[in-house]
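**Q** give me the fold of what follows.
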Amino acid sequence: MPRMTEAELIAKGIEPEEAMHMVLAYDVGFKEGQEAMQRHLRITLGLEKPTRSEKAYWNPTIPLIT
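**A** Okay, the predicted model is just below:
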């Protein structure tokens, strides 16, 4: 779904405060998703190393104690 502005949400009958929170949440979620994808790409290309918790999340069969 494309991003809607507060004015568009209010025009659809959503309360102004709720519309503000919806727009903010969408923007924050989009930014976090972009950052996560960029980090994953840098790890895939070998530019960065994954953290211990990332390794454990991606392959839970490997113990954290090494």
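
**Q** what helix or strand does residue 53 sit in?
**A** Under the criterion of DSSP states H and E, residue 53 resides in helix 52-58.

**Q** what do you get for residue 30?
**A** For residue 30, the element it lies in under DSSP H and E is helix 16-44.

**Q** in that helix, which residues are buried?
**A** Across helix 16-44, burial judged by 16 or more other C-beta atoms under 10 Å covers 19, 23. C-betas here are computed from N, CA, C, even on glycine.

**Q** for it, name the packing helices and strands.
**A** In terms of contacts (3 or more C-beta pairs under 8 Å, 6 or more residues apart in numbering; DSSP states H and E), helix 16-44 is packed against helix 6-11.

**Q** residues in contact with the helix it packs on: which ones?
**A** With C-beta atoms under 8 Å, 6 or more residues apart in numbering as the test, helix 6-11 has contacts from 16, 18, 19, 20, 22, 23.

**Q** buried residues, that helix. List them.
**A** In helix 6-11, counting by 16+ other C-beta under 10 Å, buried: 6, 9.

**Q** now that helix, how far from the centre of its chain.
**A** Computed by C-alpha atoms, centre = their mean, to the nearest Å, the chain-centroid distance of helix 6-11 equals 24 Å.

**Q** stretch 2-22 now?
**A** Offset of stretch 2-22 from its chain centre (C-alpha atoms, centre = their mean): 21 Å.

**Q** ditto for stretch 29-46
**A** Distance, centroid of stretch 29-46 to centroid of chain: 9 Å (C-alpha atoms, centre = their mean).

**Q** just the residues contacting that stretch, thanks.
**A** Contacts of stretch 29-46 (C-beta under 8 Å, 6+ apart): 3, 48, 49, 50, 54.

**Q** the closest residue to the last one other than its chain neighbours and residue 57, how far apart?
**A** Pointing back at residue 54 there. Nearest residue to residue 54, sequence neighbours excluded (C-beta to C-beta, 6 or more residues apart in numbering): residue 43, at 7.6 Å. As defined by C-beta to C-beta, to the nearest Å, residue 43 lies at a distance of 12 Å from residue 57.

**Q** so who does residue 50 touch?
**A** Here residue 50 is in contact with 43, 58 (C-beta under 8 Å, 6+ apart).
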